[in-house]
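In: Sequence and predicted structure below; questions after.
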Amino acid sequence: MTDEPGTERFAAMGTRVELHRFDGGADDALWAARRAIEAVDDALTIHRPSPATAMNEALLSGQAAALDDELLFDAVLAAAQGHAATQGLFDIAADTRTGASWAMVSFDPQSRRIVAERPLALDFGGLGKGFALDRAVAVLRDAGVGSALLTLGESSVAVLGDHPLGGGWPFTIPHPEDPGQELLTLELVDQALSVSATVGAGTHAPERAAITRPHTGTAVAAPLCAVAVEPSGTLAEVMSTALIAADDAAAAQLLRGREASRFRFRFDLGLAHRPHPARTLAA
């Protein structure tokens, strides 16, 4: 065991990953957390052979797929739960090119089998980073780590425990089109944060698909940014994506009662410059 802080930096899931431990835990805790993230990447990637690509090959050929890989099964289950929790706004099957949606998928958790009524593929890009963060946080907690910061890129963050100096972990969310301007300031304790947007430099990556509005099968074109703070990285990713996919009325439902932990900005309506005080969000 060690009380020395430590850092692990590496690339996974198409982005830069940083894991920072600030107290306690086994000496190899950060390495084990790294392996947890890499295992999720290996299971869910659709850019090289993986359990996810094997599943998609079956779905695209009209066959049922057995979800024998534990991580893939858990991710599909989380996606199904996210779809239900957002009234269909979070949809890993949504595709503007083909009109596919999760409504065309039959998933049986008991038999661990999935099949679609028409050829389609599932994309875990809107869930995978948060899912990986949750696995890494669990590994660190089990290893006795009491204070840690984990980031996958600049849009997916999880914190374990309090800040090493006490209190919450402070975060500033910059304006996606003007990084010098603050959009939102927050403090987190034992929580995860996800940012989704249709504008800004991050949306121009060649492998990044536009967020789809599942109910209409169209790509979201409005200039939007959503921030969600939740108890888990998976739920944070689900909610930030759903807030972008939602129309204004549906977004209002997702935000109701969660005004201190879920945020949605429409820049064409002049909301980008609205200031927000710092908030401490208890787990």
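Out: Looks like it arrived, so ask away. Numbering: from 1, shown residues only.

In: C-alpha from now on. contacts and neighbour counts both.
Out: Fine.

In: Can you verify my assumption that residue 183 contacts residue 173?
Out: Yes - when contacts are counted by CA atoms under 8 Å, residue 183 is listed as touching residue 173 (5.5 Å).

In: out of these two, which sits in the more crowded spot?
Out: Between residue 183 and residue 173, counting by other CA atoms under 10 Å, residue 183 is the more crowded of the two (20 against 16).

In: hey, C-alpha coordinates of the helix or strand containing the more buried one in PDB?
Out: Element membership of residue 183, judged by DSSP states H and E, is strand 178-188. Extracted as PDB, the C-alpha positions of strand 178-188 are listed here (Å, rounded to 0.1, in the frame of the first residue of the first chain):
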ATOM      1  CA  ASP A 178     -14.900  30.300 -27.500                       C
ATOM      2  CA  PRO A 179     -12.600  28.400 -25.000                       C
ATOM      3  CA  GLY A 180     -11.700  31.700 -23.300                       C
ATOM      4  CA  GLN A 181     -15.300  32.100 -22.100                       C
ATOM      5  CA  GLU A 182     -16.700  30.200 -19.200                       C
ATOM      6  CA  LEU A 183     -20.000  28.500 -19.800                       C
ATOM      7  CA  LEU A 184     -20.500  26.900 -16.500                       C
ATOM      8  CA  THR A 185     -18.700  26.200 -13.200                       C
ATOM      9  CA  LEU A 186     -19.300  23.200 -11.000                       C
ATOM     10  CA  GLU A 187     -18.000  21.300  -8.000                       C
ATOM     11  CA  LEU A 188     -18.300  17.500  -7.900                       C
END
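
In: Which secondary structure elements does that strand sit against?
Out: strand 169-175, strand 280-281 (3 or more CA pairs under 8 Å, 6 or more residues apart in numbering; DSSP states H and E).

In: can we see that at 10 Å?
Out: Applying 3 or more CA pairs under 10 Å, 6 or more residues apart in numbering; DSSP states H and E, one finds that strand 178-188 contacts strand 156-160, strand 169-175, strand 224-230, strand 280-281.

In: Identify each buried residue in stretch 12-23, please.
Out: Within stretch 12-23, the residues that count as buried by 16 or more other CA atoms under 10 Å are 12-13, 17-23.

In: which two from these end up farthest apart in space?
Out: 13 and 23 (26.5 Å; CA to CA).

In: Next, count neighbours for the residue nearest to residue 33 when sequence neighbours are not counted.
Out: The spatially closest residue to residue 33, leaving aside those adjacent along the chain, is residue 136, at 4.5 Å (CA to CA, 6 or more residues apart in numbering). Applying other CA under 10 Å, we find 26 residues neighbouring residue 136.

In: how about residue 136, phi and psi?
Out: phi -70, psi -40 (degrees, to the nearest 10).

In: Surely it is in contact with residue 35?
Out: Yes - assessed by CA atoms under 10 Å, residue 136 is found in contact with residue 35 at 8.2 Å.

In: Need the residues touching each of the two.
Out: residue 29 (CA atoms under 10 Å, 6 or more residues apart in numbering).

In: Tell me which helix or strand comes right after the strand or helix carrying residue 129.
Out: Taking DSSP H and E as the criterion, residue 129 maps to helix 128-142. Moving toward the C-terminus from helix 128-142, the next helix or strand (DSSP H and E) is strand 147-152.

In: Can you list the strands that that next one pairs with?
Out: strand 15-23 (antiparallel), strand 156-160 (antiparallel) (DSSP bridges).

In: If you count contacts, what does the helix or strand following the longest one end up packed against?
Out: Of the helices and strands lying after strand 15-23 in sequence (DSSP H and E), the nearest is helix 29-44. Counting by 3+ CA pairs under 10 Å, 6+ apart, the packing neighbours recorded for helix 29-44 are strand 6-12, strand 15-23, helix 51-60, helix 70-85, helix 128-142, strand 147-152.

In: export those to JSON lines and tack on distance to residue 116?
Out: Below are the helices and strands packed on helix 29-44 laid out as JSON lines (distance: least, CA to CA, whole Å):
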{"stretch": "strand 6-12", "distance to residue 116": "29"}
{"stretch": "strand 15-23", "distance to residue 116": "31"}
{"stretch": "helix 51-60", "distance to residue 116": "6"}
{"stretch": "helix 70-85", "distance to residue 116": "13"}
{"stretch": "helix 128-142", "distance to residue 116": "21"}
{"stretch": "strand 147-152", "distance to residue 116": "31"}
